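[1] got a sequence here, can you model it:
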Amino acid sequence: MHANPVMMGGWGGSHNPIELYSLYRSNMKGIDYYNANYYQNQQVDDYLEQAMHATSEKEANQFWQKAQWDGTTGMSMLGDAPWVWLVNLNHIYYVNENIDIGKQKVQPHGHGWPITDFITEWEKVD
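    Below is the predicted model:
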């Protein structure tokens, strides 16, 4: 996996920006499945570090976004595109028609954000 193209399954949006750090930060290269393609971009590294050390979510989000694309460089498909994301799954759930489970967020690939995340907001429908 560190020398040849491979297709991997498992990452799909954990809704946790640490996933971005682990997949794209150069100091994570070759550690288990993190940064398996040895991606390195100093500007992206700088943004990731600034995001990790931000003192608010709003401030951190600015740096997470810049790491993806700042208008010149980044890890997204507009920039270096070290990962090619091929599939986003649409999850299907069967629920009781008498229960409103509310508006769901995009569901990740099997981890990190289950349908029950908003269970405290579920309501009985008469």
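
[2] domain ranges for the chain?
    Per automatic domain parsing, the structural domains of the chain span 1-87, 89-126.

[3] which of these has the lowest mean pLDDT?
    Lowest mean pLDDT within these: domain 89-126, at a mean of 75.

[4] quick one, strands of this structure?
    Ranges of strands in the chain, per DSSP state E, are 99-100, 123-124.

[5] give me whichever of the ones you listed is most buried.
    The highest average neighbour count among the strands of the chain, using mean count of other Cβ atoms under 10 Å, belongs to strand 99-100 at a mean of 12. C-beta here means a position set from N, CA and C on the backbone, and glycine is covered the same way.

[6] where along the chain do the helices fall?
    Under the criterion DSSP state H, the chain carries helices at the ranges 18-24, 42-52, 57-68.

[7] in the first one, what counts as buried?
    Right, helix 18-24. For helix 18-24, a neighbour-count test (16 or more other Cβ atoms under 10 Å) marks 19-24 as buried.

[8] for the longest one, same thing?
    For helix 57-68, the neighbour count (16+ other Cβ under 10 Å) marks 60, 63-64, 66-68 as buried.

[9] and which of those is nearest Val95?
    Nearest to Val95 among these: Trp64, at 32.6 Å, using Cβ to Cβ.

[10] ok, the closest residue to Asp126 other than its chain neighbours - contacts?
    Nearest non-adjacent residue to Asp126, counting by Cβ to Cβ, 6 or more residues apart in numbering: Asn98, 7.5 Å away. Neighbouring residues of Asn98 by Cβ atoms under 8 Å, 6 or more residues apart in numbering: 124-126.

[11] just Ala60 next, same as before
    The contact partners of Ala60, by Cβ under 8 Å, 6+ apart, come to 17, 51-52, 54.

[12] ranking by neighbours, what's the top pick from the residues you listed?
    In terms of neighbours by other Cβ atoms under 10 Å, these top out with Ala51 at 21 neighbours.

[13] the nearest residue to that one once chain neighbours are set aside: what's it in contact with?
    Among residues not flanking Ala51 along the chain, Phe63 sits closest, at 3.6 Å (Cβ to Cβ, 6+ apart). Contact analysis of Phe63 by Cβ under 8 Å, 6+ apart lists 47-48, 50-51, 54.
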